[in-house]
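> what follows is a predicted protein model with its sequence.
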Amino acid sequence: MPEPTEEKLSYRLITGPDTKEFCERISTALAEGYVLHGSPSATFNGTDVIVAQAIVLPAAIASADAAVANAVDQLDEEFDGEGHA
């Protein structure tokens, strides 16, 4: 089967009943290069436990970290060290 040409999303939230299939979905995403982001969440809908796990691509984290660092650098340049612009 050929590889899909669609670009991977930087962020995904995988949800579903707490089953082996849910764990397989997470395992597949990890094998595709995603990393877990934050703790899993769980709730009970009266019948089943429903779980959620955020996943991100490491490049998205690096890009966000670089953007924050750049914004902090710009703020440092705009202020005189005494909190004045």
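Yep, it's here.
> hey, let's count contacts and neighbours off CA atoms from now on
Fine.
> tell me the bridge partners for Ile55.
Arg12, Leu36 (DSSP bridges).
> and it, how many residues sit next to it?
Per other CA atoms under 10 Å, the neighbour tally for Ile55 reads 22.
> got the contact list for it?
11-14, 29, 34-37 (CA atoms under 8 Å, 6 or more residues apart in numbering).
> distance of the residue nearest the centre of the chain relative to Ser63?
Among the residues of the chain, the one closest to the centroid is Val56, at 3.2 Å (CA atoms, centre = their mean). Val56 sits at a distance of 12 Å from Ser63 (criterion: CA to CA, to the nearest Å).
> if we can go back for a sec, which among the contacts of Ile55 gets closest to Ala71?
Tyr11 (21.8 Å; CA to CA).
> that closest one contacts Pro58, correct?
No. Checked against CA atoms under 8 Å, the pair Tyr11 and Pro58 is beyond contact range at 9.9 Å.
> in the lowest-mean-pLDDT helix or strand in the chain, what's buried?
Of all the helices and strands that make up the chain, helix 58-78 has the lowest average by mean pLDDT, DSSP states H and E, namely a mean of 75. Within helix 58-78, the residues scored as buried using 16 or more other CA atoms under 10 Å are Pro58.
> which residues touch the residue nearest to the centre of the chain?
Taking CA under 8 Å, 6+ apart, one finds 10-12, 34-37 in contact with Val56.
> how about JSON lines for the residues you listed, with pLDDT added?
Shown next, in JSON lines, are those (pLDDT from 0 to 100):
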{"residue": "Ser10", "pLDDT": "92"}
{"residue": "Tyr11", "pLDDT": "94"}
{"residue": "Arg12", "pLDDT": "96"}
{"residue": "Tyr34", "pLDDT": "97"}
{"residue": "Val35", "pLDDT": "96"}
{"residue": "Leu36", "pLDDT": "96"}
{"residue": "His37", "pLDDT": "94"}
